[in-house]
Every structure is written in structure tokens, then in C-alpha cells.
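> Task: produce atomic coordinates for the following.
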Amino acid sequence: MAKISILSAIIFLVVSLIVVDARRLINTGGLNVGGDRNTGGVNVDGFDNTGGLNVVADRNTGGVNVVSADNTGGVNGLGFGNTGGVNVNGFGNTGGVNALSNGNTGGVNVLSNGNTGGVNALSNGNTGGVNALSNGNTGGVNALSNGNTGGVNALSNGNTGGVNVLGNGNTGGVNVLGNGNTGDVNVLSDNKNGGVHVLGLP
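Below is the predicted model of the structure:
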């Protein structure tokens, strides 16, 4: 009985050491849970990992990260310094579909700056259309926007296209309180090249 008890104790000790070793902080390799300073991917609650698919992890090299920073890859949540698209609350991303994001390269951004692509809200320096409260855009359908290239602008300047309201320097027709337009149907406007002017010089 004593020998069996000693053998059981030895087995328990070995199994305990294996479990502790599996969760130690300084792992070299991937597929770690609750570990830090890992070298490899698929990590949970891990830091300084090299590889992708990390959860609550920092300084990873790879994509699909959640609550992560300094990742290299896309599909990140609350991540910073990512290289890739589909980011939420992320900065310095390279790719589109970003929310509350800056320095992105791609479209469909919300509260974003320095994006390259369209469909932006409260955004500056975008290249593409359908922007709201945006400046420096290249494309149409802009509101409270300046320097746009395209039509259907409101409270906009320097646009190239028609249907502008309170806009200057437009190229196109149907302008209201706009100057320097080229097109028809202008109201309270000057320097027009076209017809149907109201309170404007012929």
C-alpha cells in the first residue's frame, strides 16, 4: 500500500509539473492559452506572440485579433497599428471598413481621417464619394464638404459637378447661392455659363 501511495504521489507530481509547464509564461511556439512571450500563433490571453488569430493579445504578427495592438493583419477589434482591413476602434490600419479609425487605406469609414476610399462620415482626406462633414474628398454626394470632385454637394466649395447649394467654384448646373458655376438654373449666382438665372447677371 505504501508503494502504491508513493507511486500515486509521483504520478500526481509529474502531471502537475506538466500542467504548470503548459501554462508557463515564457513559451516558445504557438497554440498557447494564458501564456505570454510566445512565438507562434493561435494564442489566448497572450502577449508578444508571433502569429495570428490572437484574443486579448498584444504585439502579434498576423491577423484576426481581438482587443489587440501592434498586429500585422486584418479583422481586428479594438486594435492599433494593424495592417489590414475590417477594424473597429483601430488606428494606423491598412484596409477598408473601419469605424472610429484613422490612417486607413480603404473605404466605408466612420469618424475616420486619412482614408482612401468612399462612403465616409465625419471624415477628412478621403478619396471617394458619399461623404458627410468631409473635406478633400474625390467623389460626389458630399454634405458640408470642400474640395470635392463630383456633384450633389451642400454647403460645399471647389466641387466639380452639379446640383450644389451654397457652393462656389462648381462645374455643373442647378446651383443655389453659388459663384463661378458652369451650367444652367442658377439662383443668386455669378459668372455662370448657361441659362435660367435668378438675381444673377446675364
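> so which strand or helix has S5?
helix 2-22 (DSSP states H and E).
> Check which element follows that helix along the chain.
From helix 2-22, the next helix or strand downstream (DSSP H and E) is strand 32-33.
> quick one: low-confidence ranges for this protein?
For the chain, the stretches with pLDDT under 70 are 1-4, 6-25, 30, 41, 52, 57, 200-201.
> Domain ranges for it, per the record?
24-85, 127-202 (automatic domain parsing).
> Which one, of these, ends up nearest to F91?
If you check each of the domains of the chain against F91 by Cβ to Cβ, domain 24-85 wins as the nearest, at 5.1 Å. (C-beta placed from N, C-alpha, C; glycine too.)
> Now find how far off-centre the closest one is within its chain.
19 Å (Cα atoms, centre = their mean, to the nearest Å).
> Distance to G117 added to the domains of the chain, as a markdown table?
Converted to a markdown table, the domains of the chain look like this (distance: least, Cβ to Cβ, whole Å):
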| stretch | distance to G117 |
| --- | --- |
| domain 24-85 | 10 |
| domain 127-202 | 5 |
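> With distance to G103 and mean neighbour count as new columns, can these be given to me in JSON lines?
Rendered in JSON lines, the data for the domains of the chain read as follows (distance: least, Cβ to Cβ, whole Å; neighbours: other Cβ atoms under 10 Å):
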{"stretch": "domain 24-85", "distance to G103": "10", "mean neighbour count": "20"}
{"stretch": "domain 127-202", "distance to G103": "14", "mean neighbour count": "20"}
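> Nearest to N113 among the ones you listed would be which one?
Closest among those, using Cβ to Cβ: domain 127-202, at 9.7 Å.
> N164 reaches L177, doesn't it?
No - at 9.1 Å, N164 does not count as touching L177 under the criterion of Cβ atoms under 8 Å.
> quick one: contacts of stretch 139-155?
Under the criterion Cβ atoms under 8 Å, 6 or more residues apart in numbering, residues 118, 126-138, 156-167, 170, 172 lie in contact with stretch 139-155.
> 6 Å instead, please
118, 128-138, 156-167, 172 (Cβ atoms under 6 Å, 6 or more residues apart in numbering).
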